[in-house]
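**Q** predicted structure and sequence below. I'll ask about it afterward.
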Amino acid sequence: MTANEFRRLALSLPEVAEAAHMGHPDFRVAGKIFATLGYPQSGWGVVCLTPEQQELFVRTEPKSFVPVKGGWGRAGNTNVRLAAARRTVVREALINAWRNRAPKGLVRKVEPS
């Protein structure tokens, strides 16, 4: 997985815009950041998961996912080691992060009942 692939996956989700936060590209839905690129350095991304989602990704894909250090990590923010990550798993993590931040009405519109 490359940074450009991560970017394309994030931007493929409904109503996502790319912006920047603290010098890093980020991806937002309804103005809320759900993913970031280049943190803590080039070759990494961040997905905003719940602590429960984070635990699952870290447990099942430990070479690809690791909690962000400190309180942000305890809240569910999860680093993605892009070079080690499989596209399908990153897509699943991005979808979860998008759902966590998207307005509930938007989530209901795009997901089957």
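**A** Right, received. Where do you want to start? Computed from a prediction, not measured in an experiment: that's the story for all the values here. Residues are numbered from 1 along each chain as shown.
**Q** just the helices in this structure please.
**A** For the chain, the helices defined by DSSP state H occupy 3-11, 51-60, 71-74, 87-101, 104-110.
**Q** need the pLDDT of the residue nearest the centre of the chain.
**A** Ranked by distance to the mean C-alpha position of the chain (C-alpha atoms, centre = their mean), the top residue is Val47 at 2.4 Å. Residue-level confidence at Val47 comes out at 98, pLDDT.
**Q** got it, and the one 3 residues further on?
**A** pLDDT for Thr50: 98.
**Q** re earlier: does the residue nearest to the centre of the chain touch Ile95 like I think?
**A** No: judged on C-beta atoms under 8 Å, Val47 makes no contact with Ile95 at a distance of 9.6 Å. C-beta coordinates here come from the backbone N, C-alpha and C atoms, glycine included.
**Q** where does the prediction get shaky in the chain?
**A** Filtered on pLDDT under 70, the chain yields the residue ranges 112-113.
**Q** need the helices of the chain in CSV (columns: mean neighbour count).
**A** Shown next, in CSV, are the helices of the chain (neighbours: other C-beta atoms under 10 Å):
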stretch, mean neighbour count
helix 3-11, 17
helix 51-60, 15
helix 71-74, 13
helix 87-101, 19
helix 104-110, 11
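**Q** of all those, which lies closest to Lys32?
**A** Distances from Lys32 to each of the helices of the chain were compared using C-beta to C-beta; the shortest belongs to helix 87-101, at 4.2 Å.
**Q** compute the inter-axis angle for that closest one and helix 51-60.
**A** Between the direction of helix 87-101 and that of helix 51-60, the angle (axes from the mean of the first three to the mean of the last three C-alpha atoms, to 10 degrees) works out to 170 degrees.
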